[in-house]
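Novice: heads up, no residue letters with this:
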């Protein structure tokens, strides 16, 4: 589990905001030029007794060479109030 602070102006208001945060994190992790496509299949708000989290899940296609690519599945959990990624998994 890894935590990463988000900038103050990134607000997690809706599914689209969560998707933007996930895309920015993936670009920072893999490099914008290596990413061929990012597809978010699910982004939903999950509430617990004390806080709310956005869960985003999808696939990323990475360029490995001229004709080769790799597909990875990701899951991110973003704290809606603190505006930070509290958990992620990339398979």
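Specialist: Now that the structure is in, tell me what you want to look at. Since the model is a prediction, treat every value here as computed from it, not as a measurement.
Novice: residue 81 belongs to a helix?
Specialist: No: according to DSSP: H, G, I helix; E, B strand; the rest coil, residue 81 belongs to no helix; its state is coil.
Novice: so which strand or helix has the residue nearest the centre of the chain?
Specialist: For the chain, the residue sitting closest to the mean C-alpha position, by CA atoms, centre = their mean, is residue 22 at 2.3 Å. Counting by DSSP states H and E, the element that carries residue 22 is helix 15-30.
Novice: ok, the very next helix or strand once past that helix: who's next to it in the sheet?
Specialist: Once helix 15-30 ends, the next helix or strand along the chain (criterion: DSSP H and E) is strand 35-47. If you go by DSSP bridges, strand 35-47 pairs up with strand 52-63 (antiparallel).
Novice: follow-up on the earlier one: so what does the helix holding residue 22 touch, helix or strand wise?
Specialist: strand 35-47, strand 52-63, strand 69-79, strand 84-90 (3 or more CB pairs under 8 Å, 6 or more residues apart in numbering; DSSP states H and E). Any C-beta I mention is one placed from the backbone N, CA and C, and that applies to glycine too.
Novice: for residue 16, find the nearest of those.
Specialist: strand 35-47 (7.9 Å; CB to CB).
Novice: buried stuff in that closest one?
Specialist: Buried residues in strand 35-47, counted by 16 or more other CB atoms under 10 Å: 35, 38, 40, 43.
Novice: Throw those residues into TSV and include distance to residue 84, thanks.
Specialist: Listed next are the buried residues of strand 35-47 as TSV, based on distance: CB to CB, whole Å:
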residue	distance to residue 84
35	22
38	20
40	18
43	16
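Novice: quick check, nearest of these to residue 58?
Specialist: Nearest to residue 58 among these, with distances taken as CB to CB, is residue 40, at 4.0 Å.
Novice: partner residues bridging the residue nearest to the closest one when sequence neighbours are not counted?
Specialist: Setting aside the residues directly before and after it, residue 40 is nearest to residue 58 in space (CB to CB, 6 or more residues apart in numbering), at 4.0 Å. Residue 58 forms beta bridges with residue 40, residue 74, as assigned by DSSP bridges.
Novice: I'd say residue 58 and residue 39 touch.
Specialist: Yes: counting by CB atoms under 8 Å, residue 58 does reach residue 39; the two are 4.9 Å apart.
Novice: since that was my last question, I'll sign off now.
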